[in-house]
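Student: Got a predicted structure plus its sequence, pasted below:
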Amino acid sequence: MVSKKDLSLVVCIGVLIVLVAVGIYINVSRISRISDLESQIDALQETVSSLEEDRDQLQNRVAELLDKIDAMNSWEFIFQWPSGLRMEFNFSWVGENLSITAKINDFGDATGLGLFFDVNGDGEIRPFESGGIFYVNNKFHWGLLGENGFAIIPLIPPEYPSPYHTCTFELGVGYTYNISLPIREDLTNDLIHVCYMGSESVWVRFQFGSGV
């Protein structure tokens, strides 16, 4: 016959087992919920990363399309002198940079090409305005426009490679300049003064038609 004391002990053990089981269930449920939340967080992080990649791809695509639109808007000019000297120019905007290709059929020694813009926006390019001198040896120097229409060549020659252009020479073709200038924000019109210092020195002033 079971005594009351033994019965009470059995009941206590049973209650303890139930409480332990309930505790284990709660902990397992909590761990399961934490695991589910961590999985949801991982999924959200993957979604965010995917959206960021999609955003970057879209931004790159938009930039490419804008560059293509700018590249399609190009303007060509040809100038020829009685001596036979010929200069061909192609202008286009590539982002914030003005891209200029200049071909000059000079087959002798040359110093370089000077470019001057109406930076102050008053509709004129005057003597002693600043501009760039692009040397045939792929060096660059900021310089001033002289009263004779040509760049004033600095006494100290440039020492470092140009960050804005390359110049090549080919027999039967002459000099080819590829120039890229980050000046879009600085211009209010498309007036330009070009001077060439070579075996024959010439200068010309015109509007390159960009509709700045």
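Tutor: Now that the structure is in, tell me what you want to look at. Numbering: from 1, shown residues only.
Student: CA only for contacts and neighbour counts going forward, please
Tutor: Will do.
Student: Pretty sure Asp190 sits against Gln207.
Tutor: Yes - Asp190 lies in contact with Gln207 (CA atoms under 8 Å); the separation is 5.2 Å.
Student: Counting neighbours, go ahead and name the busier of those two.
Tutor: Each of Asp190 and Gln207 has its neighbours counted (other CA atoms under 10 Å); Asp190 has more, 17 against 13.
Student: How many neighbouring residues does Ala43 have?
Tutor: Every residue meeting other CA under 10 Å relative to Ala43 is counted, giving 12.
Student: And for Asp54?
Tutor: Neighbours of Asp54 (other CA under 10 Å): 12.
Student: Quick check: it is in a helix.
Tutor: Yes - using DSSP: H, G, I helix; E, B strand; the rest coil, the secondary structure at Asp54 is a helix.
Student: got a pLDDT number for it?
Tutor: On the pLDDT scale, Asp54 is placed at 83.
Student: Give me the domain ranges for this structure.
Tutor: 1-72, 75-207 (automatic domain parsing).
Student: Next, work out how far apart Leu191 and Leu155 are.
Tutor: 28 Å (CA to CA, to the nearest Å).
Student: Between those two, which is the more surrounded one?
Tutor: Between Leu191 and Leu155, counted using other CA under 10 Å, Leu191 has the larger neighbour count: 21 against 6.
Student: Pretty sure Phe206 is one of the things that one touches, is it not?
Tutor: Yes - contact criterion CA under 8 Å: Leu191 and Phe206 qualify, at 5.8 Å.
Student: is it fair to say Ala38 lies in a helix?
Tutor: For residue 38 the amino acid is Glu, not Ala. Yes - under three-state DSSP, Glu38 sits within a helix.
Student: one step back: tell me the most buried of the domains of the chain?
Tutor: Highest mean neighbour count among these (mean count of other CA atoms under 10 Å): domain 75-207, with a mean of 17.
Student: so how far is it off the chain centroid?
Tutor: Distance, stretch centre to chain centre, for domain 75-207: 22 Å (CA atoms, centre = their mean, to the nearest Å).
Student: and if you look at stretch 49-58?
Tutor: Computed by CA atoms, centre = their mean, the chain-centroid distance of stretch 49-58 equals 19 Å.
Student: thinking again about what came up before, quick one: which of the domains of the chain has the weakest pLDDT on average?
Tutor: domain 1-72 (a mean of 72).
Student: secondary structure class for Ile34?
Tutor: Look at Ile34: counting by three-state DSSP, its state is helix.
Student: which residue is nearest the middle of the chain?
Tutor: Closest residue to the average C-alpha location of the chain: Gly95 at 6.8 Å, with CA atoms, centre = their mean.
Student: Show me where this protein has its strands.
Tutor: Taking DSSP state E, the strands of the chain run over residues 74-80, 86-94, 97-104, 112-117, 130-135, 140-145, 151-152, 165-170, 174-181, 191-197, 202-207.
Student: mind putting these in TSV, distance to Glu46 included?
Tutor: Shown next, in TSV, are these (distance: least, CA to CA, whole Å):
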stretch	distance to Glu46
strand 74-80	43
strand 86-94	35
strand 97-104	37
strand 112-117	51
strand 130-135	50
strand 140-145	49
strand 151-152	59
strand 165-170	44
strand 174-181	40
strand 191-197	52
strand 202-207	52
